[in-house]
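Colleague: Here you go, sequence then predicted model.
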Amino acid sequence: MLKKLFAVGANKNKLIVKMAGGAQMFNLEKGANVLNIGLRNTLAVKTALSKEGLTLVKSDTGGNKGRTFKLDVQTGIFSVKLIGQEEVEL
């Protein structure tokens, strides 16, 4: 995705990076992180961002409830709704 953004003229220094997701959706024994795909995905994204020299400015990750999120491409507003809660802007 970054390659495509840069190909159409995005400036790395002007990108605002936010992330949502990474919930543990399976009830596992304490300490059993083998199937905690949400945590593994979150760590992988942070590693990839670091390698690209990008800074994560806000995130809403973890927990055990699903999320939906939306990005208004005209305003840049990134909103997240955790199941059972109100939508919030990140």
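Modeller: Cool, the structure landed. Computed from a predicted model, the values in this text were never measured in an experiment.
Colleague: Pick out the residue closest to the middle of the protein.
Modeller: Central residue of the chain (CA atoms, centre = their mean): residue 19, 2.2 Å from the mean position.
Colleague: Can you list the buried residues in the longest helix seen in the chain?
Modeller: The residue-count maximum for a helix in the chain (DSSP state H) belongs to helix 37-51. Buried residues in helix 37-51, defined by neighbour count with 16 or more other CB atoms under 10 Å: 38, 42, 45-46, 49. (Each C-beta comes from the backbone N, C-alpha and C, glycine too.)
Colleague: Could you do stretch 17-25 as well?
Modeller: Across stretch 17-25, burial judged by 16+ other CB under 10 Å covers 18-24.
Colleague: sorry, back to before: which one in the buried residues of helix 37-51 is the model shakiest on?
Modeller: Note: of the buried residues of helix 37-51, the lowest pLDDT belongs to residue 38, at 88.
Colleague: Now do it against residue 26, distance only.
Modeller: Relative to residue 26, residue 38 is positioned 9 Å away (CB to CB, to the nearest Å).
Colleague: Give me the number of neighbouring residues for the closest residue in space to residue 5 that isn't next to it in sequence.
Modeller: Leaving aside its sequence neighbours, residue 5 sits nearest to residue 15 (CB to CB, 6 or more residues apart in numbering; 7.6 Å). Residues within reach of residue 15, counting by other CB atoms under 10 Å, total 15.
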